[in-house]
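J.: need a structure here:
(2 chains)
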Amino acid sequence: MKTVLVVDDEFGIVSVLEALLEDAGYRVLTAANGRKGLERLAERRPDVAVLDFMMPLMDGAAMARAMREHRDWRDIPIVMMSAVTEASLRARFDGYDAFLRKPFRAEDLLSAIARLVG
Amino acid sequence: MNAIGETAAALQRVPSGVPGMDEVLKGGFLKGGVYIFQGTPGAGKTIFANQICFHHAASGGRAVYVTLLAESHTRMLQHLRPMSFFDESAIPERIYYVSAFRTLEDEGLKGLIDLLRREIRGHRAGVLVLDGLVAAEESAPSDREFKKFIHELQSHAAAADCTVFLLTSGRTPAVVPEHTMVDGLIELEDRLHEMRTERCLQVRKFRGSGTLRGRHSFRITPDGIRVYPRLETALATPSRRPASPEGRITSGVAALDALLPGGVPFASTTALMGPSGAGKTTLALQFLAPATTEAPGLFFGLYETPDRLRAKARAIGFDLGAKEARGDVRVEWFPQGENLLDELGHHLLEAVKKAGVERLVIDGLGGFMESAIDPSRISRFFSVLANELRALGVTTLCTLETRELFGPVLQVPITGFSSLVENLIVMRYVEVRGRLVPLISIAKVRDGAFDPALHAFRITAQGVQIEAPFEGYESILTGLPHETGEHASRRRRSARRRPPEE
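T.: Numbers count the residues shown, from 1 in each chain, chains lettered A, B, ... in the order given. Predicted coordinates for the structure are as follows:
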């Protein structure tokens, strides 16, 4: 069973994604910000990470950078999601493998994850 | 200068970016202050706070918007996107949205204050919004702990020069602990009056500065929130020294100028009263005919559409469209819907100031009265509006429809109306031998001579044509005059001299 780490500060979104991914056969880990997300990574290595861009304490970009710099995590595929446009995001960070603009359809997320985890 | 004035002068302000709000606050929020926005769901708190954030970002600042148990950021941004103040490019660099709900759930108020402090510092935020304060309040073990949270937030905000806005739907008690601690409390309401609603706000508390007291209407428009400071308090003192009342200007009708005489006094307000269809709007259009690009006129109408006005003007040989094209006259039309009284007043004054209007027609006052949810305001509202127009050097003619077509009593639906205007012109019908005859008379010219005689008038292709004094009848103002004895016998003699018809 593949594992997905979902990191988002919005409680409602985490709940929805958790249910959606579990229904699709994934094991799901969750965290409310980048800092907590790194703690989860240390506990268990996921097959893919779904990160929200804007989060308190440590945002999605900072967490993704930390992953890319870490020997054990640098090859974990990252799906970045945000309510703002990708253009606004790219000015700050572009080290992700897929981008989803909120709100997105469930199929878009599932197909992005399926494509990345193979 | 008093102590409050000195303090206000020393404190830096943060403009709200909400039109009209800084006027209510006499300059904006105080930098580093903590303010509560309280209102029921749907009152407009979220739009208000976002508008402040986007304005702050557009001015070069940075803002952080933190939600607790509020709508998701995705939904919020979707709702905000159509508004003209929304600027996608400001997010996330200058406006940053985060949810702190999980932190509050996991770590309580201590975790929340830590998160807010870090976000303020990390983003170098000049504005912080905490949307959903009630969730923090509910998670506090006691009022004392919640007060400590507010106090700590105040300290961090002051240290970082960050102005904080706490949004809450509020609790039932009139006075709650946090209200005593924060620098300001702004209450937003969506009030129901019979069938219609009115959004309004009230500054209940504001440390360090005076504010415009009482309730002020606001609207949520495609451009965001627009506040209309209540005119009676906003213009309690006119914005400038009143223009000298010396001199007269033409009324646009030569025969009327002869009655006044010399025209209407400069920078005065004239009420033109009469029943429906008497010719008030026609006379008002003639009043605007002398307007020029240098001394422009404004027709501020609430009833007839601009197209109908142009057609009406054409019928009396006045090319209103050409005057508009040249910039001599401007037509503003506010159809009767659910206008707000102060909205009309502010739009009128803005249009006057923008074009430097010297001749103004308000057609008619009834439309203003219908917009007033509280009719007891009308008299003072018109009083301050007239004072401001006078101060701006505007000569105003306003129409007012009377209820009766004819009769002994003139019903004026505004208390103390006569004292609000300098000049009063009355149009009415009287019945004479089975025909309705329209009459015009000057009832009042403040501090000036005028011809008090009643005159018949006709509306011709040249407009209102005033005829000779209406003589030979008594009890004219009852609407049912009868001939004087002398007039009746003169008429009989004249009829006898007339040769018999073939």
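
J.: bridging residues for residue B:269?
T.: Assessed by DSSP bridges, residue B:269 has beta-bridge partners residue B:396.

J.: secondary structure class for residue B:216?
T.: What DSSP: H, G, I helix; E, B strand; the rest coil gives for residue B:216 is strand.

J.: Could you count how many residues lie near it?
T.: 24 (other C-beta atoms under 10 Å in any protein chain shown). (Each C-beta comes from the backbone N, C-alpha and C, glycine too.)

J.: can you check the one 10 residues further on too?
T.: A total of 17 residues lie near residue B:226 under the criterion other C-beta under 10 Å.

J.: same question, residue B:278
T.: Residues near residue B:278, counting by other C-beta under 10 Å, number 25.

J.: Which residue is the nearest non-sequential neighbour of it?
T.: Leaving aside its sequence neighbours, residue B:278 sits nearest to residue B:427 (C-beta to C-beta, 6 or more residues apart in numbering or on different chains; 4.2 Å).

J.: Same question for residue B:228.
T.: Spatial nearest neighbour of residue B:228, excluding adjacent residues (C-beta to C-beta, 6+ apart): residue B:342 at 3.7 Å.

J.: Doesn't the one you found belong to a helix?
T.: Yes: counting by three-state DSSP, residue B:342 is located in a helix.

J.: For burial, what's the neighbour tally of it?
T.: 25.

J.: mind checking how far it is from chain A?
T.: As for residue B:342, its distance to chain A is 36 Å (criterion: C-beta to the nearest C-beta, to the nearest Å).

J.: from memory that residue sits against residue B:217, does it?
T.: Yes: if you go by C-beta atoms under 8 Å, residue B:342 and residue B:217 touch, sitting 5.1 Å apart.

J.: overlap in contacts of these two?
T.: B:228, B:230 (C-beta atoms under 8 Å, 6 or more residues apart in numbering or on different chains).

J.: Confirm that the residue nearest to residue B:278 sits in a strand.
T.: Yes: assessed by three-state DSSP, residue B:427 belongs to a strand.

J.: mind listing what whichever residue of chain B sits closest to chain A touches?
T.: Residue nearest to chain A within chain B (C-beta to the nearest C-beta): residue B:102, separated by 3.6 Å. Counting by C-beta under 8 Å, 6+ apart, residue B:102 touches A:9, A:11, A:14, A:32, A:33.

J.: element containing it, please.
T.: In this assignment (DSSP states H and E), residue B:102 forms part of helix B:101-122.

J.: and that helix, C-alpha only, in PDB?
T.: The C-alpha coordinates for helix B:101-122 follow below in PDB (Å, rounded to 0.1, in the frame of the first residue of the first chain):
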ATOM      1  CA  PHE B 101      -7.400  26.000  13.900                       C
ATOM      2  CA  ARG B 102      -5.300  22.900  14.300                       C
ATOM      3  CA  THR B 103      -2.800  24.700  16.400                       C
ATOM      4  CA  LEU B 104      -5.500  26.000  18.600                       C
ATOM      5  CA  GLU B 105      -7.000  22.500  18.900                       C
ATOM      6  CA  ASP B 106      -3.600  20.900  19.700                       C
ATOM      7  CA  GLU B 107      -1.900  23.600  21.700                       C
ATOM      8  CA  GLY B 108      -4.600  25.900  23.000                       C
ATOM      9  CA  LEU B 109      -4.200  29.700  23.300                       C
ATOM     10  CA  LYS B 110      -0.500  29.400  24.000                       C
ATOM     11  CA  GLY B 111       0.100  27.700  20.700                       C
ATOM     12  CA  LEU B 112      -2.100  30.200  19.000                       C
ATOM     13  CA  ILE B 113      -0.300  33.300  20.400                       C
ATOM     14  CA  ASP B 114       3.000  31.700  19.500                       C
ATOM     15  CA  LEU B 115       1.800  31.100  15.900                       C
ATOM     16  CA  LEU B 116       0.400  34.700  15.600                       C
ATOM     17  CA  ARG B 117       3.700  36.200  16.900                       C
ATOM     18  CA  ARG B 118       5.800  34.100  14.500                       C
ATOM     19  CA  GLU B 119       3.500  35.000  11.500                       C
ATOM     20  CA  ILE B 120       3.700  38.700  12.300                       C
ATOM     21  CA  ARG B 121       7.500  38.500  12.500                       C
ATOM     22  CA  GLY B 122       8.000  36.000   9.700                       C
END
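
J.: Starting from the following helix or strand past that helix, tell me which strands it pairs with and how they run.
T.: Next helix or strand after helix B:101-122 toward the C-terminus (DSSP H and E): strand B:127-131. Strand B:127-131 pairs in its sheet with strand B:63-67 (parallel), strand B:163-168 (parallel), by DSSP bridges.

J.: Pull the distance from strand B:127-131 to the chain's centre.
T.: Taking the mean of its C-alpha atoms, strand B:127-131 sits 30 Å from the chain's own mean (C-alpha atoms, centre = their mean, to the nearest Å).

J.: Let me know the angle separating it from helix B:101-122.
T.: Interaxial angle, strand B:127-131 versus helix B:101-122 (axes from the mean of the first three to the mean of the last three C-alpha atoms, to 10 degrees): 170 degrees.

J.: Please identify the buried residues of the following helix or strand past strand B:127-131?
T.: Later in the chain than strand B:127-131, the nearest helix or strand by DSSP H and E is helix B:133-139. Buried residues in helix B:133-139, counted by 16 or more other C-beta atoms under 10 Å in any protein chain shown: B:133, B:134, B:135, B:136, B:137, B:139.
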